[in-house]
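J.: sequence first, then the predicted structure:
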Amino acid sequence: MALSQSALGRSTGVARPRRTEDGEAGAYVCVADLVALEAAVRAPGLWARQPGHQLLAGRHASRVRGRGLSFEELREYVAGDDIRSMDWRVTARAGKPFVRVFTEEKDRPALIVIDQRMNMFFGSKRSMKSVAAAEAAALSAWRVLSVGDRVGGIVFNDNEVVQVRPHRSRAAVIDFLTEVVRQNRELHAEAPDLRGRAQLNVALRAAASQAEHDHLVIVISDFDGHDAETRDMLLRLTRSNDVLAVLVYDPFLLQLPESGAMVVSGGALQAELPFGHGDMRARIIEFARERGKELLRWQQELGLPMMPVSAAEETAPQMRRMMAELSWRTRRR
């Protein structure tokens, strides 16, 4: 039986997400909470000072030089240059013709692919992975909108894939987040084990059909069910778009308790795995590590930035820290 995390929420000896008076904090999200994250994106010191060339920095410079919004340099006139680009003042001082060169700015729509399958309905400390994914999606969407780009998304669970076309408005972001919340709140421990492992690839195919070129594609998932087709789809997306993978995880599998047990499911069958059994503990930890190594290999092979986000910690500080690290790596290239 294939080891899966889908039923870990039913485990014994596993800490549950925190609860508040309404009993939902950490287990579910609401539209108001995700809308409130817009303030976190705009707050000084959180995202506002991020370098301009990073992935979520907004409109990007085209490789094609021409008349546009951003001045780049002055250079000597060569035959064929547009006479309207002449800088007459510099030409008069230098005694030879100079032209002004601009870098064309291009719109870069963002497409946020977010996983709300049953495998995301697990959390051992702060929140479910589904909640952390929703927060990461909201932060990304507000960030993209704040720098003037269009934003849309693809929200998928075990049995449906919903597409929200990119638009440049708060209403469009709220529509996207409303769909995230709808699918998020359909998750519960007694839900039928539909096991939509193939849905990840279905969602990526939908993304590839929308993002033909010059998009920013952000994939937020635990990548459960990934296979060779997943890799091929990501490779196809990276050829003509900027792609960022956000790997949402819970540290529980890497820090197993010394006692207790958990129930795992491979579909219709379930089994109880005792933590106190040394050999069993080693195999579970090895499973988690090998899965991480495989995704890391993709990162290296595809040149795909992959940001790990722990459901056990606050999402916004993690996103800010990792975007800064990603920007630093970009500057070193």
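T.: Received, thanks. Not measured: the values here are computed from a predicted model. Residues are numbered from 1 along each chain as shown.

J.: pLDDT score assigned to Ala191?
T.: Predicted confidence (pLDDT) for Ala191: 71.

J.: check Arg297 too.
T.: pLDDT recorded at Arg297 is 81.

J.: ok, now Thr315?
T.: Looking at Thr315, its pLDDT is 95.

J.: that one: how many residues sit nearby?
T.: 25 (other C-beta atoms under 10 Å). Where C-beta positions appear, they are placed from N, C-alpha and C, glycine not excepted.

J.: same check on Asp214?
T.: Neighbour count of Asp214, defined by other C-beta under 10 Å: 14.

J.: make sure it is indeed in a helix.
T.: No. Read with DSSP: H, G, I helix; E, B strand; the rest coil, Asp214 is coil and lies in no helix.

J.: what sits against it?
T.: Counting by C-beta atoms under 8 Å, 6 or more residues apart in numbering, Asp214 makes contact with 106, 108-109, 240-241.

J.: so how far is Ala206 from it?
T.: 18 Å (C-beta to C-beta, to the nearest Å).

J.: ok, Lys96 next?
T.: According to C-beta to C-beta, Lys96 stands 55 Å off from Ala206.

J.: the two - which one has more neighbours?
T.: Using other C-beta under 10 Å as the criterion, Lys96 and Ala206 rank with Ala206 on top: 17 against 9.

J.: confirm that one sits in a helix?
T.: Yes. Under three-state DSSP, Ala206 sits within a helix.

J.: ramachandran coordinates for Gln318?
T.: phi -70, psi -40 (degrees, to the nearest 10).

J.: secondary structure class for Ile174?
T.: Under three-state DSSP, Ile174 falls in the helix class.

J.: ok, now how distant is it from Trp142?
T.: 10 Å.

J.: how many residues are close by Ala311?
T.: A count of nearby residues for Ala311, using other C-beta under 10 Å, gives 27.

J.: what are the buried residues along stretch 197-216?
T.: By 16 or more other C-beta atoms under 10 Å, the buried positions in stretch 197-216 come out as 197, 199-201, 203-204, 206-208, 210-211, 215-216.

J.: now, among those, which is nearest to Thr315?
T.: Closest approach between the buried residues of stretch 197-216 and Thr315, by C-beta to C-beta: Leu216, at 18.9 Å.

J.: so what's the closest one up against?
T.: Applying C-beta under 8 Å, 6+ apart to Leu216 gives the contacts 55-56, 108-111, 144, 149, 241-244.

J.: can I get the residues you listed in TSV with secondary structure?
T.: Formatted as TSV, the contacts of Leu216 follow (three-state DSSP):
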residue	secondary structure
Leu55	helix
Leu56	helix
Arg108	coil
Pro109	coil
Ala110	strand
Leu111	strand
Val144	helix
Asp149	coil
Asn241	coil
Asp242	strand
Val243	strand
Leu244	strand
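
J.: rank these by pLDDT and give me only the lowest.
T.: Within the contacts of Leu216, Leu55 has the lowest pLDDT, namely 56.

J.: pLDDT below threshold where in the stretch 101-250 of the chain?
T.: Along the stretch 101-250 of the chain, the parts satisfying pLDDT under 70 run over 103-106, 192-196.

J.: can you give me the strands in it?
T.: For the stretch 101-250 of the chain, the strands defined by DSSP state E, counting those that start in this stretch occupy 110-115, 151-156, 161-167, 216-221, 242-249.

J.: what lies in contact with the second one?
T.: Surrounding strand 151-156, the residues in contact under the criterion C-beta under 8 Å, 6+ apart are 109-117, 137, 141, 144-145, 161-168, 172-173, 176, 179-180, 183, 196, 199-200, 202-203, 206-207, 210.

J.: switch the cut-off to 6 Å
T.: Strand 151-156 is contacted by residues 110-114, 141, 144-145, 162-166, 173, 176, 179-180, 183, 199, 203, 206-207 when judged by C-beta atoms under 6 Å, 6 or more residues apart in numbering.

J.: also stretch 219-227?
T.: Outside stretch 219-227, the residues that touch it by C-beta under 6 Å, 6+ apart are 113-115, 119, 129, 133, 136-137, 197, 200, 245-246, 248.

J.: need the residues you listed in CSV with distance to Asp82, can you?
T.: What follows is the contacts of stretch 219-227, written out as CSV (distance: C-beta to C-beta, whole Å):
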residue, distance to Asp82
Val113, 41
Ile114, 44
Asp115, 48
Asn119, 56
Lys129, 53
Ala133, 48
Ala136, 44
Ala137, 43
Arg197, 55
Leu200, 48
Ala245, 41
Val246, 43
Val248, 49
